[in-house]
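>>> output the structure for:
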Amino acid sequence: MQFSNPAKTAMKRFEFKRPKHFTVNREQLEDWSSLARNDRILLWGIILWLLCMLVSLACISLFFPKLPAEIPLFYSRPWGSQQLASKYFIFLLPIGTFILGLVNQMLAIISFKKERIISYIFSITTIFASIFAALAVFNIIHLLT
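A predicted model of the protein is given here:
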């Protein structure tokens, strides 16, 4: 007669399964890209996001030699030297826009089939963030040149 160990049976009950890795096959990529091409809000979200980012990068690269060594970037800090940062920090705005847009557009495309309204919210948020970041770049450059 064999007796089972109650501790082992309890541990078996609480074993966790290994999560599957996130993999994307070619069919899913084609499906997601067709969603992004066929829906106007997603398509315009991607176009405006990339356009704002590229225009702000072009503006930065055009006026970068004319910028002083320190630029006002941190407007939430008290007025004066605490707002100043190196001129290289101006690249944080387009880089941040790129990362935010990439994450938001991926979430928008992934959530499109289940919740279309949430997908649109992600895309519109990306548009507004891109526009505001580009306007911040233009404002900083206009202020200093």
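>>> got the contact list for residue 128?
Going by C-beta atoms under 8 Å, 6 or more residues apart in numbering, residue 128 touches no other residue. Bear in mind the C-beta positions are built from the backbone N, C-alpha and C, glycine included.
>>> helix, strand or coil for it?
Using DSSP: H, G, I helix; E, B strand; the rest coil, the secondary structure recorded for residue 128 is helix.
>>> how about residue 78?
Going by three-state DSSP, the secondary structure assigned to residue 78 is coil.
>>> report the separation between residue 45 and residue 30.
20 Å (C-beta to C-beta, to the nearest Å).
>>> who has more neighbours out of the two?
Set residue 45 next to residue 30 and count neighbours by other C-beta atoms under 10 Å: residue 45 wins out with 26 against 10.
>>> that one is in what secondary structure piece?
Per DSSP states H and E, residue 45 falls inside helix 40-63.
>>> show me what that helix is in contact with.
Residues from elsewhere that reach helix 40-63 (C-beta under 8 Å, 6+ apart): 35-37, 90-91, 93-94, 97-98, 101, 105, 108-109, 112, 119-120, 122-124, 126-127, 130-131, 133-134, 137-138, 141, 145.
>>> next structured bit after it?
In the C-terminal direction from helix 40-63 (assignment by DSSP H and E), the next one is strand 70-72.
>>> point to the helix or strand of this protein where mean pLDDT is at its lowest.
For the chain, using mean pLDDT, DSSP states H and E, the weakest element among its helices and strands is helix 6-13, scoring a mean of 58.
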